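A.B. asks: This is a predicted model, with the sequence first.
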Amino acid sequence: MTHSVGLLLLAAVGGYWVLERAETHKKGLKRIGRLVAAVVMIVSLVGVLCKVWCVASGNCVGMGKWGMHGGYCPMSGKIPHASPAP
C-alpha cells in the first residue's frame with residue numbers, strides 16, 4: 001500500500017509545483033497550467049482516498065493491472081464480487 005499511496009502523494013506534490021509554475025506565466029498558459037495542476041491533484045488525492053478506504057474496509061481482494069482489481073472504491077459506485085480462492 002505504501003508504494004502506491006506514496007506515488008500518488010508525490011503526484012499531488014507535482015501538481016502543486018505545476019500550479020506554482022503556472023502563476024508566473026501569462027493568461028493562456030496560466031489557465032492551462034492551473035487546469036492541469038487541478039486535475040493532477042484531484043486525481044491523486046481521490047486515488048489515495050480510494051486506496052485508504054480499500055485497506056481500512058478490508059475489501060482489497062487482490063492486486064491487478066490497475067492496482068485495485070477486486071477492491072472497492074466509494075467513488076466508483078460499484079462493489080466488485082470477489083472470486084473464490086482456489
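C.D. replies: Perfect, thanks for sending it.

A.B. asks: hey, let's count contacts and neighbours off CA atoms from now on
C.D. replies: OK.

A.B. asks: quick one: residue 27 and residue 14, what's the gap?
C.D. replies: Between residue 27 and residue 14 the computed distance is 21 Å (CA to CA, to the nearest Å).

A.B. asks: And for residue 30?
C.D. replies: For residue 30, the distance to residue 14 equals 16 Å [CA to CA].

A.B. asks: coming back round to it: residue 27 and residue 14 - which one has more neighbours?
C.D. replies: Shown here are residue 27 and residue 14; by other CA atoms under 10 Å, residue 14 has more neighbours (16 against 11).

A.B. asks: what's that one in contact with, if anything?
C.D. replies: By CA atoms under 8 Å, 6 or more residues apart in numbering, the contact list for residue 14 reads residue 40.

A.B. asks: before we move on, which element is it in?
C.D. replies: helix 2-22 (DSSP states H and E).

A.B. asks: Now do the helices in the protein.
C.D. replies: Ranges of helices within the chain are 2-22, 27-57, based on DSSP state H.

A.B. asks: Next, format these as CSV and append mean pLDDT.
C.D. replies: As requested, the helices of the chain are exported to CSV (pLDDT from 0 to 100):
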stretch, mean pLDDT
helix 2-22, 87
helix 27-57, 88
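
A.B. asks: Might you report the residue contacts of the closest residue in space to residue 47 that isn't next to it in sequence?
C.D. replies: Distance criterion CA to CA, 6 or more residues apart in numbering; nearest residue to residue 47, sequence neighbours excluded, is residue 8 at 6.9 Å. Residues near residue 8 by CA under 8 Å, 6+ apart: 44, 45, 47, 48.

A.B. asks: Residue 45 versus residue 8, what's the distance?
C.D. replies: Counting by CA to CA, the gap between residue 8 and residue 45 amounts to 7 Å.

A.B. asks: try residue 19
C.D. replies: Using CA to CA, residue 19 is found at 15 Å from residue 45.

A.B. asks: Which one of those two is surrounded by more residues?
C.D. replies: residue 19 (22 against 16).

A.B. asks: residues touching that one, list them.
C.D. replies: Here residue 19 is in contact with 33, 34, 37, 38 (CA under 8 Å, 6+ apart).
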